[in-house]
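> Please work out how this folds:
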Amino acid sequence: MKEIPLNKGFIALVDDEDFSDLIQYRWWAVKGRYTYYASRRLGCNTNTKIDMHRHIMKPGLQDKIDHKDGNGLNCQKENMRVCTNQQNCLNRKPDKECRSSFKGVRPSSLNENPRWRADISFNGHHYYLGSYDLEKDAALAYNQKAMELCGEFARLNQV
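Residues are numbered from 1 along each chain as shown. Purely as a prediction, here's the structure:
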């Protein structure tokens, strides 16, 4: 594994065999919605850019690249896989605006008892997984359904 320096003190992790190709370009860290990515311009007088993960993996135009660990700066091939947009969304981290630290878990409305509910959406269907006294139990219910529906693309809660 090698490191490619980016702006603002960030680094991108790449495989040894990709390093010599990648180091010839000037890469910078770009903030995405959920993580940072390494990007570069395609030419001197253009605003068109390419992300490092797309440069390495060379996917089709409609394909996405999923970073298994959720770190967009970890561009080692073992950490990346070509996927659909839906599969890429399945591996997202929990929403920062949610009051739970677990994916698929949120507080129940004030009228409900117990306190935590678990939900998951997949292929246009919403699945209500129940209400739980403990946030951890709701997270485990989410994990079970996520594995059933999403397989290897499921981002499981660390309980």
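> Run through the chain and note the low-pLDDT ranges.
Where the chain drops to pLDDT under 70, the residues are 93-98, 110-114.
> As a check, name the ranges of all strands in it.
Using DSSP state E, the strands of the chain run over 2-5, 11-14, 28-31, 36-41, 49-51, 64-67, 74-75, 80-83, 105-107, 116-122, 125-132.
> strand partners of the fourth one, parallel vs antiparallel please.
In the sheet containing strand 36-41, its partner strands are strand 28-31 (antiparallel), strand 49-51 (antiparallel), by DSSP bridges.
> Out of these, flag the one nearest residue 41.
Relative to residue 41, the nearest member of the strands paired with strand 36-41 by C-beta to C-beta is strand 49-51, separated by 5.6 Å. Where you see a C-beta, it was placed from the backbone N, CA and C, and this is true even at glycine.
> Any chance you could list what contacts the closest one?
30, 37, 38, 39, 40, 41, 42, 65 (C-beta atoms under 8 Å, 6 or more residues apart in numbering).
> about what we covered before: any chance of the strands paired with strand 36-41 in CSV with mean neighbour count and distance to residue 109 as columns?
Formatted as CSV, those follow (neighbours: other C-beta atoms under 10 Å; distance: least, C-beta to C-beta, whole Å):
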stretch, mean neighbour count, distance to residue 109
strand 28-31, 16, 33
strand 49-51, 15, 40
